[in-house]
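Visitor: quick one, what's the 3D model for this:
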Amino acid sequence: QQCPVSEHQSCCTSRTKDGLLQLTFTGWTCSHHSCSVCSRKAAAAGGLLFRCMCCPTAFCEDHLPNKDCSIIGQSERFKALGQNHPQQACFVLCSAECRAQAVLDGDIQESDAANTTTGISAATG
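Guide: Reported below is the predicted structural model:
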């Protein structure tokens, strides 16, 4: 199944060092398929990436934010867009700003917006 992520051009250009879109020989590269800190793909990062539901960042286990991160699991919005939930992904809200946006978008309830982890230990038990 195809990845349903889409981004504003300004979001893409603000992420790159040279101010250009990330392009490959096959076209645009979705930022949810590699860690935004170290660039490892899921296979090189222990088989799992933590993808933010509201912004174009993804994290390997080593770089998951220790503060203000909410573990969501599956993204109902992405499933509604046709994505089969990938085994190598766990959806998160990576910051207070992303949690607030998820409440505005109706992806989470306001009462759930305060639930954050203190790092990866909350996700893995």
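Visitor: ranges for the strands of this structure?
Guide: In the chain, the strands defined using DSSP state E lie at 23-24, 27-28, 49-52, 58-59, 70-73, 89-93.
Visitor: model confidence over the fourth one, on average?
Guide: Over the span of strand 58-59, the pLDDT mean works out to 93.
Visitor: tell me which strands and helices it is in contact with?
Guide: With contacts taken as 3 or more C-beta pairs under 8 Å, 6 or more residues apart in numbering; DSSP states H and E, strand 58-59 sits against strand 49-52. All C-beta atoms are positioned from the backbone trio N, CA, C, and that covers glycine.
Visitor: and what of the last one?
Guide: In this structure, strand 89-93 makes packing contacts with strand 49-52, strand 70-73, judged by 3+ C-beta pairs under 8 Å, 6+ apart.
Visitor: hang on, the earlier thing: out of the strands of the chain, which gets the lowest mean score?
Guide: Among these, strand 23-24 scores lowest, with a mean of 48.
Visitor: contacts only, for the nearest residue to Pro65 once chain neighbours are set aside.
Guide: Closest residue to Pro65 apart from its sequence neighbours, by C-beta to C-beta, 6 or more residues apart in numbering: Cys94 at 5.7 Å. Listed by C-beta atoms under 8 Å, 6 or more residues apart in numbering, the contact partners of Cys94 are 50, 52, 55, 57, 59, 65, 68-69.
Visitor: before we move on, the earlier item: mean neighbour count and distance to Arg99 added to the strands of the chain, as JSON lines?
Guide: Shown next, in JSON lines, are the strands of the chain (neighbours: other C-beta atoms under 10 Å; distance: least, C-beta to C-beta, whole Å):
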{"stretch": "strand 23-24", "mean neighbour count": "9", "distance to Arg99": "31"}
{"stretch": "strand 27-28", "mean neighbour count": "10", "distance to Arg99": "27"}
{"stretch": "strand 49-52", "mean neighbour count": "26", "distance to Arg99": "10"}
{"stretch": "strand 58-59", "mean neighbour count": "27", "distance to Arg99": "16"}
{"stretch": "strand 70-73", "mean neighbour count": "18", "distance to Arg99": "6"}
{"stretch": "strand 89-93", "mean neighbour count": "24", "distance to Arg99": "5"}
